[in-house]
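J.: quick check, what structure comes out for this input:
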Amino acid sequence: MSSTAPSPPSPAQAAPTAAPTAAPTAAPTAAPVAATPSSNANVVNGVNGASASSTPEPISVLPTSKPVVPPFDYYKNAAFFVFLTMYTTTALVLLQIPALLLVALPYPFLFALAPEKRAETRDVFYRAFKWYIRWTESVFGSLVMIIINLITPSKLVITGDTDALRDQVQSVLIANHQIYPDWLYLWSLARYTGHHGDVKIMLMSVLRYLPILGVGMSFFEFIFLERSLRKDRRTIVKLISRQKESAPNLPLWLLLFPEGTLNTPNNRATSRAYAKKEDITDDPKYVILPKASGLFMCCDVLYPKINTLFDVTVGYGGLRPEQIPYEEYLVSNVYFSGQYPREVHLHVQSFDLSSLPGFDGSITAETLEKNAELAKRCAAQSERSNGAFDKLAIARKDVFSDWVRQRFMHKDALMDTFYKTGQFPDTEVGVPAGQTAKPLKRVVFDQVPDVSDWVAVGVVWISVFYTVPIYWRIAMLVLGLFW
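T.: Prediction:
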């Protein structure tokens, strides 16, 4: 399903359109997949030295970007998307509910076991629960492939540490957040690596209350955040520690968006106001300054069991630099109106946590106490966090947050290069002077479901004809006990 990318036309030969006005079958012109070979050296330099004035500032073009499609086609596409998603998700939830028995079943018998056997028994049943839920999640990953193939046919163009991404069984991923369907394309990336049943995403708590979908995500053990450090730390530690301790060898693909929100004009203005308040001089154009507290919590709990952090930069073809992906690729545009990216570019870079600030051992209780001013500041921040972090954790989090912010400035430069050349660099960036930049692997993943995807989703579709009558009989039996 994957192949090495062919050599596409140069950027000058493909001019993307800003506001396609077509029926759902018409595609807007896509940005090229790769630059000409002679541009590689400039790509490296461009990433290292991109300035804020090198390309136009993204502006809102929403009034002219909304596609015009016949109302019948629009509502037909909307009905198909909603039915396909909700029917499959409902069928999955009906299959997930019995898994609760695997969690509850051992408790009536635990009192008969020796104390040292109780935790072991709970872990056995929890691992069985996780294996079953992982299957249902892999089915949803197959559904993602089918949705993309039927409604938004496109390709993933993956550059960078693609082999490391496939080889890692447990890892943490961070990505920039531009449009709502971001997580679908990143789930497709998980499908490419074979981890589409292992995805765990950090989301806003309000999404927990989405009908049917929220229940399914809860079974998947997604992490819902309340925007309260103390509450969120308790949630993160509970969910991640449970898998780390009870099922340490199960695969895990933990996905976070450190920006915490979409890159829109209003959110970018809020980010700039926050930067001014905190005396941060960085001013990116294509990303929002990240807040790394949640990421630090996750890495702190998982380290050293998990020592790999992947940084994924997402770019969407078919846009000019002054266009805002969020406005061009609204959910209604993408799934109802046929305006979607024909190519999704993902640049992957891997890092060992043990080499990063905050995890490299350079900050310890002893080194903190030697710096009285730093210790005092960290103590004050610890008190303001309501116990979410102690002094040492604050000191480690601060230096880690600085590193994450610099990574997002690097992402901003990568995006600048992407809009200039139509691709992410295919050679190493940040190479010291005098050294030769090594070529990076480039893979094109055709987002086409294979037979196993269709079989898995088909089984779930058919299962409704069995699960619904069973639940109906159980409901009637329970009601008969009271009436």
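J.: residue 273: neighbour count?
T.: Residues lying near residue 273 (other Cβ atoms under 10 Å) number 10. From N, CA and C alone the C-beta is placed, and that goes for glycine too.
J.: tell me which element it is part of?
T.: Taking DSSP states H and E as the definition, residue 273 sits inside helix 265-277.
J.: contacting residues around the very next helix or strand once past that helix?
T.: Beyond helix 265-277 on the C-terminal side, the first helix or strand identified by DSSP H and E is helix 293-302. Contacts of helix 293-302 with the rest of the structure, by Cβ atoms under 8 Å, 6 or more residues apart in numbering, involve 170, 172, 174, 202, 225, 229, 232-233, 236-237, 240-241, 244, 254, 256, 258, 260, 306, 309, 353, 358-359, 388, 393, 396-397, 400-401, 404.
J.: let's see which of those end up in helices.
T.: Residues of the contacts of helix 293-302 located in helices (DSSP state H): 229, 232-233, 236-237, 240-241, 244, 393, 396-397, 400-401, 404.
J.: just the buried ones from those?
T.: Neighbour-count burial within these applies to 229, 232, 233, 236, 240, 244, 393, 396, 397, 400, 401, 404; the criterion is 16 or more other Cβ atoms under 10 Å.
J.: ok so, going back, what about the helix holding residue 273, distance to the chain center?
T.: On the basis of Cα atoms, centre = their mean, to the nearest Å, helix 265-277 is displaced by 22 Å from the centre of the chain it belongs to.
J.: got it, and stretch 378-393?
T.: From the chain centre to the centre of stretch 378-393 is a distance of 28 Å (Cα atoms, centre = their mean).
J.: before we move on, back to that, of the buried ones among the ones in helices among the contacts of helix 293-302, the lowest pLDDT goes to which?
T.: Taking these together, the minimum pLDDT is found at residue 229 (82).
J.: how many neighbours does the closest residue to that residue other than its chain neighbours have?
T.: Spatial nearest neighbour of residue 229, excluding adjacent residues (Cβ to Cβ, 6 or more residues apart in numbering): residue 388 at 3.9 Å. Counted with other Cβ under 10 Å, residues neighbouring residue 388 total 21.
J.: which ones are touching residue 388?
T.: By Cβ under 8 Å, 6+ apart, the residues touching residue 388 are 229, 230, 232, 233, 293.
J.: how far away is it from residue 71?
T.: In this structure, residue 388 and residue 71 are separated by 50 Å, where distance is defined by Cβ to Cβ, to the nearest Å.
J.: contact partners of the helix or strand where residue 192 lies?
T.: Taking DSSP H and E as the definition, one finds residue 192 inside helix 182-193. By Cβ under 8 Å, 6+ apart, the surrounding residues in contact with helix 182-193 are 1-2, 141-142, 144-145, 147-148, 156, 158, 165-166, 173, 175, 196, 198-199, 201, 253, 255, 257, 312, 314, 344, 346, 445, 447.
J.: ok, stretch 201-218 next?
T.: With contacts defined as Cβ under 8 Å, 6+ apart, stretch 201-218 is touched by 86, 89-90, 92-93, 96, 136, 140, 183, 222-227, 254-257, 294, 298.
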